[in-house]
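[1] here is my input; please provide its structure:
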Amino acid sequence: MKRLGALFSLVAIAHISMSHELFLKTDSHFLQPNAASQLYLFNGTFDTSENEITRDRIVNAKIVGPNFLFEPSEKHYTDKDKVTYLNINTGGTGTYVAGISTLPRVLEMDAKAFNEYLDHEGLETTIADRKAMKLMDKGAKERYSKHVKALLQVGDVRSIDFMKPLNYPIEFVPLNNPYEIKLGDAVAFKLLRDGKPLANHIVHYSTSMPGQDAHDSENSTQTNENGFLSIRPTAKGKWYIATIHMEKKSGDTVDYESNWATLTFEIK
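    Predicted coordinates:
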């Protein structure tokens with residue numbers, strides 16, 4: 001995800017505008033127990049949402065806490081100013097995980113647009129594979145879907161519910177509680193693809209800073225051979241980790257399939 005300020009072709013710009021990153025956020029990740037609250041989806045960047053997510057795309061939405069499982073229906077969502085809101089009521093105190101997955105969409109691009117898109121998103125392995133297979137002058141069809149999570153601290157008591165996988169095609173699963181650490185301590189995760197560790201895979205992370213887009217200060221790391229990674233938040237505020245897993249398809253109606261994952265939390 002280079003977030004380069006380069007000029008793209010109109011086709012590339014159209015593709016990127018339709019395949020923004022997706023983030024599940026709140027005004028504060030620290031909520032009161034047994035109280036009404038609101039989560040929201042930013043479809044664009046971590047700081048700006050450029051369009052809503054229609055209900056027909058949302059699947060496997062759930063919020064998990066201590067003796068708590070909420071699976072929202074269409075009536076729990078509203079849209080305003082290009083943002084999709086999810087109205088919830090929390091249960092008892094504990095550390096929750098919330099998640100939303102989207103159904104796949106298919107986009108077709110010419111070679112220039114697809115190569116620029118891969119470069120923009122930092123998908124260097126796919127670029128290298130295309131070069132090796134002499135596909136750089138070939139257009140592509142891509143099927144993509146997004147899988148987003150947020151960690152919520154409800155009340156004062158911590159719990160281990162935030163570690164529960166939501167069984168998305170790709171997801172980050174925390175290994176320690178970011179609401180128990182001090183600033184500068186490590187937060188560890190495992191990255192799962194179809195429930196299995198995704199090794200040696202690039203992951204990006206950042207936080208919002210006053211007057212600066214989070215993507216402009218994005219950092220990168222890589223999972224180890226067991227799919228583990230860790231980051232050290234250096235400032236208070238909302239943080240995210242993000243990745244895209246893309247694979248070449250054969251015998252399919254598309255050339256590539258990508259699954260996007262993000263996870264958000266807050267350092268207080």
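[2] now stretch 171-179: buried residues?
    171-174, 177-179 (16 or more other CB atoms under 10 Å). Quick note: C-beta positions are derived from backbone N, CA and C, even for glycine.
[3] a markdown table please, covering those residues and showing secondary structure, distance to K146 and pLDDT.
    Shown next, in a markdown table, are the buried residues of stretch 171-179 (DSSP: H, G, I helix; E, B strand; the rest coil; distance: CB to CB, whole Å; pLDDT from 0 to 100):
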| residue | secondary structure | distance to K146 | pLDDT |
| --- | --- | --- | --- |
| E171 | strand | 11 | 98 |
| F172 | strand | 13 | 98 |
| V173 | strand | 17 | 98 |
| P174 | strand | 19 | 98 |
| N177 | coil | 25 | 98 |
| P178 | coil | 22 | 97 |
| Y179 | coil | 25 | 97 |
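[4] any idea which of those residues is closest to I267?
    Checking the buried residues of stretch 171-179 against I267 with CB to CB, the nearest one is P178 at 6.6 Å.
[5] so who does that closest one touch?
    Applying CB atoms under 8 Å, 6 or more residues apart in numbering to P178 gives the contacts 151, 187, 233, 239, 265-267.
[6] now it: how far from E225?
    P178 sits 24 Å away from E225, going by CB to CB, to the nearest Å.
[7] E74 too?
    42 Å.
[8] one step back: narrow the contacts of P178 to those in strands?
    Among the contacts of P178, the members found in strands (DSSP state E) are 151, 187, 239, 265-267.
[9] check contacts around the closest residue to T90 other than its chain neighbours.
    In space, and not counting its chain neighbours, T90 is closest to V154: 4.9 Å by CB to CB, 6 or more residues apart in numbering. Counting by CB under 8 Å, 6+ apart, V154 touches 31-33, 65, 90-96.
[10] ramachandran coordinates for V154?
    Main-chain dihedrals, V154, degrees, to the nearest 10: phi -100, psi 120.
[11] return the set of residues that bridge with it.
    When bridges are called by DSSP bridges, V154 pairs up with L31, G94.
[12] tell me the one of the ones in strands among the contacts of P178 nearest I127?
    Looking across the ones in strands among the contacts of P178 and measuring by CB to CB, the closest to I127 is W239, at 27.9 Å.
[13] pretty sure that closest one is touching L263, no?
    No: under the criterion of CB atoms under 8 Å, W239 is not in contact with L263, lying 9.0 Å apart.
[14] so where's the stretch 51-200 of the chain shaky on pLDDT?
    Within the stretch 51-200 of the chain, no range satisfies pLDDT under 70.
[15] which residue ranges of it form strands?
    Listed in chain order, the strands of the stretch 51-200 of the chain (DSSP state E, counting those that start in this stretch) span 58-65, 68-70, 77-80, 83-89, 94-102, 105-109, 140-154, 170-174, 187-193, 196-197.
[16] list the strands paired with the shortest one, with their directions.
    Right, strand 196-197. According to DSSP bridges, strand 196-197 forms sheet pairs with strand 187-193 (antiparallel).
[17] show me how far the partner strand is from its chain's centre.
    12 Å (CA atoms, centre = their mean, to the nearest Å).
[18] and for stretch 192-210?
    Per CA atoms, centre = their mean, the centroid offset for stretch 192-210 relative to its chain is 8 Å.
[19] same question, stretch 70-80
    In this view, stretch 70-80 has its centroid 19 Å away from the chain centroid, taken as CA atoms, centre = their mean.
[20] one more: stretch 65-75?
    20 Å.
[21] buried ones in it, by neighbour count?
    Buried, per 16+ other CB under 10 Å, within stretch 65-75: 65-66, 68, 70, 72.
[22] what does stretch 23-43 give?
    Within stretch 23-43, the residues that qualify as buried are 23-26, 29, 31, 33, 37, 39-43, counting by 16+ other CB under 10 Å.
[23] quick one: neighbours of M133, just the number.
    Counted with other CB atoms under 10 Å, residues neighbouring M133 total 10.
[24] quick one: the residue nearest to T90 from A98, how far?
    Distance from V154 to A98, by CB to CB: 11 Å.
[25] do Y168 as well
    Relative to A98, Y168 is positioned 12 Å away (criterion: CB to CB).
[26] likewise for H204?
    From H204 to A98 the distance is 21 Å (CB to CB).
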